[in-house]
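> Take a look and give me a structure for this.
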Amino acid sequence: MIKQYNFYKTKYGDELLIDLIPLEKLQPYIDQTPVHSLTYFDITMISGGQGSFYTDYQNIPIEKGRVFFTMPGQVRCWEVDKMPPGYALIFEEEFLCSFFNDSNFVQNLSYFGESAFHCSIILCSEEYDQLMPLFQNIYTEICQHQLKDKHVLRALLYQVLMILNRMFLSRYPASQVNQKNRHVQKFSHLVNSLYHNSRSVDFYAQQLNITPGHLNDLVKQYLGVSAKHHILNRTILEAKRLLNYTGQSVDEIAQNLNFDNSSYFIRIFRKHTGKTPLQYRNSQIRKK
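Here you go, the predicted structure:
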């Protein structure tokens with residue numbers, strides 16, 4: 001299975017759901033598990049170095065001014081001889097959403113939205129010089145952390161997130177996230193957590209106390225696909241991750257994703273992607 005890292009909430013004594021880590025300090029972890037996923041949000045800013053960074057299917061070169069965005073559950077892979085200089089700004093959603101009235105603030109950022117296709121931007125020198133002092137201020141604040149100072153950290157994090165959102169949208173204006181219906185928001189969260197247990201639209205409609213037809217209409221309106229297709233998209237995404245980053249057999253993957261048998265899984269996967277699972281795995285190996 002893919003290694004998953006959880007947030008070290010009591011690293012500084014009292015619970016603190018934000019951290020800023022110099023990338024060089026991650027070298028032992030990357031040496032051990034270059035392929036991994038996180039249970040928290042990550043914004044990594046690169047100050048130099050070389051190599052590649054993979055997130056799900058995207059292979060992105062490491063270079064000064066590159067900023068990577070990854071969400072909980074995304075598979076990441078560092079292909080480097082040595083970790084580049086820079087910082088990883090990591091945080092739990094709760095750190096902001098327990099304070100702000102908008103519980104969906106983080107998901108509504110253009111680079112963390114569920115439909116976000118691009119997972120990085122490259123900063124110009126002026127943008128890099130604008131952001132680096134904020135990262136360093138967060139690092140200093142964390143090193144001097146006291147329980148009463150969380151609001152300062154929230155303010156600094158909010159500033160970084162909003163500045164990056166503005167920069168991201170200047171490159172990818174089509175990534176602007178529309179405010180979703182509350183049922184669609186909850187549906188997306190439920191699917192992300194329960195896709196491996198249930199792919200039934202009726203099941204999710206029951207969880208939301210609405211009819212399957214109404215749920216399907218809302219999902220089509222806000223996400224552009226049917227509810228069934230959205231659930232299948234999430235399932236196929238996980239199948240691709242397992243095919244790409246683990247040595248699990250097709251039978252094992254079908255079982256882990258709760259398909260009745262591997263033949264049905266292969267048929268669904270090929271219909272969705274145009275390839276069998278093994279053809280997909282082999283094509284990814286060739287790309288690498």
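
> Please enumerate the helices of the protein.
Ranges of helices in the chain, per DSSP state H, are 27-32, 93-97, 125-143, 150-171, 182-194, 201-208, 212-223, 227-245, 250-256, 262-273, 277-287.

> CA-only coordinates of the shortest one, as PDB, when you get a sec.
Think helix 93-97. Provided in PDB are the C-alpha atoms of helix 93-97 (Å, rounded to 0.1, in the frame of the first residue of the first chain):
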ATOM      1  CA  GLU A  93      -8.300  22.300   7.200                       C
ATOM      2  CA  GLU A  94      -9.600  22.600  10.700                       C
ATOM      3  CA  PHE A  95      -6.900  25.200  11.500                       C
ATOM      4  CA  LEU A  96      -8.700  27.800   9.400                       C
ATOM      5  CA  CYS A  97     -12.300  26.500   9.200                       C
END
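
> Show me what it is packed up against.
helix 150-171 (3 or more C-beta pairs under 8 Å, 6 or more residues apart in numbering; DSSP states H and E). (Glycine included, C-beta is placed from N, CA and C.)

> Just confirm residue 235 contacts residue 194, I think it does.
No. Residue 235 lies out of contact with residue 194 (C-beta atoms under 8 Å); the separation is 10.8 Å.

> the more surrounded of those two?
Taking other C-beta atoms under 10 Å, residue 235 and residue 194 do not tie; residue 235 has more neighbours (21 against 15).

> Grab the nearest non-local neighbour of that one.
The spatially closest residue to residue 235, leaving aside those adjacent along the chain, is residue 195, at 5.2 Å (C-beta to C-beta, 6 or more residues apart in numbering).

> Show me where the stretch 1-150 of the chain has its strands.
Secondary structure of the stretch 1-150 of the chain (DSSP state E, counting those that start in this stretch): strands located at 3-5, 18-22, 35-38, 41-46, 52-55, 58-61, 66-70, 75-79, 86-91, 120-122.

> Tabulate those (a markdown table), appending mean pLDDT, mean neighbour count and distance to residue 187.
Below are those laid out as a markdown table (pLDDT from 0 to 100; neighbours: other C-beta atoms under 10 Å; distance: least, C-beta to C-beta, whole Å):
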| stretch | mean pLDDT | mean neighbour count | distance to residue 187 |
| --- | --- | --- | --- |
| strand 3-5 | 92 | 14 | 24 |
| strand 18-22 | 95 | 20 | 28 |
| strand 35-38 | 93 | 18 | 22 |
| strand 41-46 | 97 | 23 | 21 |
| strand 52-55 | 92 | 18 | 24 |
| strand 58-61 | 89 | 13 | 26 |
| strand 66-70 | 96 | 22 | 23 |
| strand 75-79 | 93 | 20 | 23 |
| strand 86-91 | 97 | 22 | 25 |
| strand 120-122 | 95 | 18 | 28 |
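
> wait, which of the ones you listed is closest to residue 181?
Proximity to residue 181 (C-beta to C-beta) singles out strand 41-46 among these, at 23.1 Å.

> That closest one: partners in the sheet, and parallel or antiparallel?
Partners of strand 41-46 in the sheet, by DSSP bridges, are strand 66-70 (antiparallel), strand 86-91 (antiparallel).

> Quick one: closest of these to residue 216.
strand 66-70 (30.1 Å).

> how far out from the middle of the chain is that closest one?
10 Å (C-alpha atoms, centre = their mean, to the nearest Å).
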